[in-house]
Structure formats: structure tokens, C-alpha cells
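**Student:** Okay, structure incoming, though there's no sequence with it:
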């Protein structure tokens with residue numbers, strides 16, 4: 001305390017000078033209208049800028065949370081659609097209209113964080129992993145149709161093998177005839193694949209819809225995979241060569257739903273190995 005008093009006494013003249021300068025400057029500002037209004041205007045601009053900057057930063061950091069809420073709402077609406085679908089099933093059956101059986105399936109919204117569509121080993125990475133109960137072997141769909149199958153997971157992310165990968169063969173059926181074949185990508189355009197194992201006695205026409213067959217536990221029956229673009233067969237061939245335009249545009253894919261079938265383990269356990 002004594003040291004503080006000695007310091008004040010030592011610099012008392014300087015401190016008195018500073019106090020008088022501040023008082024004089026304050027009197028100058030408040031006694032004269034123009035400087036007073038100028039300072040207030042400048043201060044208001046600074047405060048407005050700071051408020052605007054703070055508001056912008058708050059909005060920016062809230063985007064991720066808003067986006068997550070939208071994806072959760074999308075999943076909820078998707079699940080609600082299951083109830084409506086089940087209610088309409090008997091009417092659709094009477095009209096001979098195919099329907100998607102989604103009862104018991106769960107949907108987890110996810111965002112695509114990385115995607116490759118121009119190589120022979122295309123892939124998709126999504127921002128959900130084992131911490132979100134995602135498992136290897138579950139199906140992935142988008143708003144347009146089937147996307148692919150989860151092939152690897154860590155706690156935060158999952159790797160998806162898409163339809164446009166040569167190692168993925170998906171069981172599908174033709175909507176018109178119900179004939180089952182395998183949808184397979186041959187390493188060409190990311191917009192097209194080929195449906196194989198459809199016998200020549202089956203009537204196949206361009207424009208026919210290709211749907212998931214439901215013969216595996218990965219996808220429910222009736223999800224759209226694509227549309228028949230071109231049908232070819234030689235006289236000596238037993239099976240058609242069917243070009244299919246894929247429903248999903250992988251080059252613009254941003255959000256997906258990860259499918260979860262609670263009965264998958266039971267279904268796979270009873271299937272002969």
C-alpha cells in the first residue's frame with residue numbers, strides 16, 4: 001500500500017494532467033453540438049457493426065444444428081409414410097399397383113461428406129457410423145431411389161459401396177412381370193447399369209421400372225432402382241441384355257437414409273449358407 005501511495009505521489013502531476021485533459025475533451029464534446037453528434041454517430045456505427053458481425057457468426061454456427069434438425073424431421077416424415085403406406089396396401093393390391101413394404105424398417109438420416117463417381121472403385125462416405133448404430137451390410141437409399149450398401153464403418157463415418165461399383169450385385173425385379181434378376185454396373189457411365197438373368201421368354205420393354213426384389217434382408221421389396229432404357233437379345237442368347245437408367249443421380253447426391261431391418265439377423269440366420 002505504501003508503494004502505491006509513493007507511486008501516486010511521484011506521478012501526481014502527470015495524473016492531474018491526464019484528468020484535466022479528459023475533462024476538457026468531455027466538455028468540448030458535450031458543449032458543442034457538432035462534435036457531440038459526430039462522436040455519437042461514429043459510436044452507433046461501431047456498435048451496429050459489432051452487432052451485425054455477432055449476429056452473422058451466430059447464424060453461421062447455427063446452420064449445422066438447423067440442418068441436423070431438418071434431417072431428423074425428414075426421417076420422422078419418412079417413418080410416418082410407412083403407416084400411410086400400410087393403410088393403402090390393400091387398396092393398391094386391388095388396383096394391381098406395386099407398393100413398398102416398409103413395416104418394421106428404421107431410417108437414419110445422413111449427409112454425404114465424400115463421393116467418387118468417375119473411377120472403377122467408386123465410393124460414398126456418410127457422416128454416420130457405429131456410434132449411430134450403423135452396421136456393415138445395411139442398405140442406403142436417397143430421395144430418388146436405391147444408393148448402395150454400407151461396406152465399412154468407424155465410430156463417426158461409414159463407407160458405402162454404391163450401385164456404380166463393379167463388386168455390387170443387387171437383386172431386383174421388373175415391375176411389369178415380376179421377373180427377378182441382378183442389377184450390375186459395368187464400369188461405364190455413372191447413370192447406367194445392366195439387369196442380368198432375365199430369360200428371353202419374359203416380355204421386357206423400355207420404360208419398365210426396376211425395383212428391389214425383397215429377396216435379401218438389405219432392402220425392402222419395391223424400392224425404385226431405375227428404369228429400363230434399352231433391351232437387346234441375340235438369336236442365340238438365353239438372357240436379355242437390359243440397360244437400366246439408374247434412379248439415383250450419384251453426381252449430385254447430398255443426403256441419404258440408412259436402412260435398418262430389425263429382423264435381418266433372424267432372416268439371415270435361417271438362410272442356407
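**Tutor:** Structure received. Remember, it's a predicted structure, so these values are computed and weren't measured experimentally.
**Student:** need the contact list for residue 256.
**Tutor:** The contact partners of residue 256, by Cβ atoms under 8 Å, 6 or more residues apart in numbering, come to 109, 110, 111, 112, 124, 126, 140, 141, 142, 147, 160. Just so you know, the C-beta spots here come from the backbone N, C-alpha and C atoms, and that holds for glycine as well.
**Student:** Would you state the strands of the stretch 51-200 of the chain in chain order?
**Tutor:** For the stretch 51-200 of the chain, strands defined by DSSP state E, counting those that start in this stretch occupy the ranges 106-116, 123-126, 139-141, 146-153, 158-162, 169-174, 180-184, 192-196.
**Student:** Return the most buried member of these.
**Tutor:** strand 139-141 (a mean of 26; mean count of other Cβ atoms under 10 Å).
**Student:** who does it pair up with?
**Tutor:** Strand 139-141 has its sheet partners listed here by DSSP bridges as strand 146-153 (antiparallel), strand 255-260 (antiparallel).
**Student:** Now render the ones you listed as a markdown table, adding mean pLDDT.
**Tutor:** Converted to a markdown table, the strands paired with strand 139-141 look like this (pLDDT from 0 to 100):
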| stretch | mean pLDDT |
| --- | --- |
| strand 146-153 | 96 |
| strand 255-260 | 91 |
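**Student:** for those, which one sits closest to residue 195?
**Tutor:** Residue 195 lies closest to strand 146-153 among the strands paired with strand 139-141, at 12.9 Å (Cβ to Cβ).
**Student:** re the thing from before, okay, the contacts of residue 256 in TSV with distance to residue 71 next?
**Tutor:** As requested, these are arranged in TSV below (distance: Cβ to Cβ, whole Å):
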residue	distance to residue 71
109	4
110	8
111	7
112	12
124	16
126	11
140	14
141	14
142	13
147	15
160	16
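**Student:** Out of those, which is nearest to residue 195?
**Tutor:** Closest to residue 195, out of all of the contacts of residue 256 and judged by Cβ to Cβ, is residue 147, at 17.4 Å.
**Student:** what would the strands paired with strand 139-141 look like in a markdown table with distance to residue 16?
**Tutor:** Shown next, in a markdown table, are the strands paired with strand 139-141 (distance: least, Cβ to Cβ, whole Å):
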| stretch | distance to residue 16 |
| --- | --- |
| strand 146-153 | 73 |
| strand 255-260 | 69 |
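**Student:** Residue 132: which of the ones you listed is closest?
**Tutor:** Nearest of these (Cβ to Cβ): strand 255-260, 8.0 Å.
**Student:** in the closest one, what counts as buried?
**Tutor:** Of all the residues in strand 255-260, those buried under the rule 16 or more other Cβ atoms under 10 Å are 256, 257, 258, 259, 260.
**Student:** any weak-confidence spans in the stretch 151-273 of the chain?
**Tutor:** 264-273 (pLDDT under 70).
**Student:** just the helices in it please.
**Tutor:** 264-270 (DSSP state H, counting those that start in this stretch).
**Student:** Show me which of the contacts of residue 256 is closest to residue 246.
**Tutor:** residue 147 (9.7 Å).
**Student:** any idea how far residue 115 is from the closest one?
**Tutor:** Distance of residue 147 to residue 115, computed by Cβ to Cβ, to the nearest Å: 10 Å.
**Student:** any residues in contact with both of the two?
**Tutor:** Taking Cβ under 8 Å, 6+ apart as the criterion, residue 147 and residue 115 both touch 124, 250, 253.
**Student:** The last one against residue 110, yeah?
**Tutor:** In this case it means residue 253. No - contact between residue 253 and residue 110 fails when scored by Cβ atoms under 8 Å: they sit 11.0 Å apart.
**Student:** got the end-to-end distance for stretch 227-245?
**Tutor:** 5 Å (Cα to Cα, to the nearest Å).
**Student:** which non-adjacent residue is nearest residue 109?
**Tutor:** On the basis of Cβ to Cβ, 6 or more residues apart in numbering, the spatially nearest residue to residue 109 that is not a chain neighbour turns out to be residue 71, at 3.6 Å.
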